[in-house]
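1. this is the structure alone, sequence omitted:
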């Protein structure tokens, strides 16, 4: 039985966004009118108060969007709450700076700190309430998984990890035939088409469309290329244009300019943290501060990446690649902190200024890993159409142990949809990901060993 409330799900989401933003905007407006308006050079009246409130709403919506804090009922509550806290902090800092400019002097920050505390508690309440409402009104969707050549065990495990959203009722092979599949589709709340060949997948997709059944499909590289194509309306026959290039000349110039400016500023701002990190590494075991390693970047060019050393000296003294595992004994206590907070990546700001890397782009892989993955997945070379990045789609939406094929697809999504605004949003998201523990999950012992042996 289909849930009739599904058609109103977006309205529920918009309602919680409205509640969150208006509640916090009214709290700020009260603080502004009672504590700050009288101390600015030219106090506002009537419409001026509404203008300052609209500024607050605009900033908050921008930051909520940038940190993915608007997706009630989509992400986990913890994920949403972290996004909202970061958006609140950024918004209130921006508003305080505006107040300082209007007052022409530094004013007391205490009221803004109190408002920030209220905003965080209010966001916690709204997020908790949204979780209860979405759980009751939109129970876990019963899914039918249809697969072909490969067993869907890992996909089923991922789906079942979100018990609030999905419940896999059955996994069935396409060999049962379309007649039987259509009966199963009709009884399901949703269908997952897992790695089914295109001809059969199209038939299943059309059957789901005909029956108004929500459908999820795993992607192929060609699907991502299609999403990046441009619609052409020169004739009465629809055409898709695939430019099959990386970035245009103008995009490369803008991207490089952004890299130099932002990386330079970040290097200045983070220099105290880099100094403390370097001292901690040196004092712990007296070994080298930096770890250098050959990596692949645009066009297959090889460069030496710089990171703060997080493992013991000579962690790979046998000369073989041994990716970090979940509880790797080679990682030092200092290294665990650096990895958890991503501080070990800061020296790559120097690589960005040198032009070896970009702020945003596919993660530069070890040369031997690139060669190995390219043998398994020939399209893996497509990632080398742009400079490797400090952050990117695969780093933000994947994990340390994400499979090469999934990394490829995530990175292609970025390359095919590149824009300056996308780069800026991914930079904001990088701040958030530092608080997400699951993104740093290491490989299992078995997987690490197989990579090291080139399997």
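-> Received, thanks. Model, not experiment: these values are computed from the prediction. Numbering: from 1, shown residues only.

2. shouldn't residue 66 be in contact with residue 426?
-> No: at 9.3 Å, residue 66 and residue 426 do not qualify as touching, with contact defined as C-beta atoms under 8 Å. Any C-beta I mention is one placed from the backbone N, CA and C, and that applies to glycine too.

3. between those two, which contacts overlap?
-> Shared contacts of residue 66 and residue 426, defined by C-beta atoms under 8 Å, 6 or more residues apart in numbering, are absent.

4. same for the longest helix anywhere in the chain, what does it pack against?
-> Scanning the chain for the longest helix, with DSSP state H as the assignment, gives helix 249-285. Contacts defined by 3 or more C-beta pairs under 8 Å, 6 or more residues apart in numbering; DSSP states H and E place helix 249-285 against strand 302-308, helix 333-341, helix 348-354, strand 358-360, helix 420-433.

5. tilt between that helix and strand 302-308?
-> Using axes from the mean of the first three to the mean of the last three C-alpha atoms, to 10 degrees, one finds that helix 249-285 and strand 302-308 are set 50 degrees apart in direction.

6. packing partners for whatever helix or strand comes next after helix 249-285?
-> Beyond helix 249-285 on the C-terminal side, the first helix or strand identified by DSSP states H and E is strand 290-296. Other elements packing on strand 290-296 under the criterion 3+ C-beta pairs under 8 Å, 6+ apart are strand 302-308, helix 367-376.

7. now strand 290-296 against helix 367-376, angle please.
-> 30 degrees.

8. give the buried residues for strand 290-296.
-> 291, 295, 296 (16 or more other C-beta atoms under 10 Å).

9. could you do stretch 116-132 as well?
-> 116, 118, 119, 120, 122, 123, 126, 127, 130, 131.

10. for stretch 32-39, same thing?
-> So, applying 16+ other C-beta under 10 Å, buried residues of stretch 32-39: 32, 35, 36, 37.

11. and residue 314, how many residues sit next to it?
-> 9 (other C-beta atoms under 10 Å).

12. just residue 29 next, same as before
-> 17.

13. kindly report the same for residue 104.
-> Here the number of neighbours of residue 104 (other C-beta under 10 Å) works out to 9.

14. doesn't residue 41 make contact with it?
-> Yes: Residue 104 is in contact with residue 41 according to C-beta under 8 Å; the separation is 5.3 Å.

15. before we move on, the earlier item: deepest-packed of the helices and strands packed on helix 249-285, please.
-> strand 358-360 (a mean of 26; mean count of other C-beta atoms under 10 Å).

16. quick one: strands adjacent to it?
-> For strand 358-360, sheet partners with direction are given as strand 389-391 (parallel), following DSSP bridges.

17. per-residue confidence at the closest residue to residue 280 other than its chain neighbours?
-> Closest residue in space to residue 280, ignoring its immediate chain neighbours: residue 334 at 4.8 Å, by C-beta to C-beta, 6 or more residues apart in numbering. Looking at residue 334, its pLDDT is 92.

18. residue 363 too?
-> 91.

19. quick one, what contacts it?
-> Going by C-beta under 8 Å, 6+ apart, the list of residues near residue 363 reads 388, 389, 392, 394, 395, 407, 411.

20. again, only using 10 Å
-> The contact partners of residue 363, by C-beta atoms under 10 Å, 6 or more residues apart in numbering, come to 295, 357, 383, 388-395, 398, 400, 402, 407, 410-411.

21. against residue 342, how distant is the residue most central in space within the chain?
-> Geometric centre of the chain, nearest residue: residue 396, 3.3 Å, by C-alpha atoms, centre = their mean. To residue 342, residue 396 is 12 Å away according to C-beta to C-beta, to the nearest Å.

22. same check on residue 428?
-> For residue 428, the distance to residue 342 equals 14 Å [C-beta to C-beta].

23. swap in residue 40?
-> 39 Å.

24. more neighbours: these two, which one.
-> residue 40 (20 against 17).

25. where does the prediction get shaky in the chain?
-> The model of the chain has pLDDT under 70 over residues 1-3, 317-326, 400-401, 436-455.

26. for it, just list every one of the strands.
-> 141-147, 166-173, 190-194, 214-217, 230-232, 239-241, 290-296, 302-308, 358-360, 389-391 (DSSP state E).

27. buried sites along the longest one?
-> When neighbours are counted by 16+ other C-beta under 10 Å, the buried residues of strand 166-173 are found to be 166, 167, 168, 171.

28. nearest to residue 215 among those residues?
-> residue 166 (13.2 Å; C-beta to C-beta).

29. now the closest one: how far from residue 140?
-> Relative to residue 140, and taking C-beta to C-beta, residue 166 is found at 6 Å.
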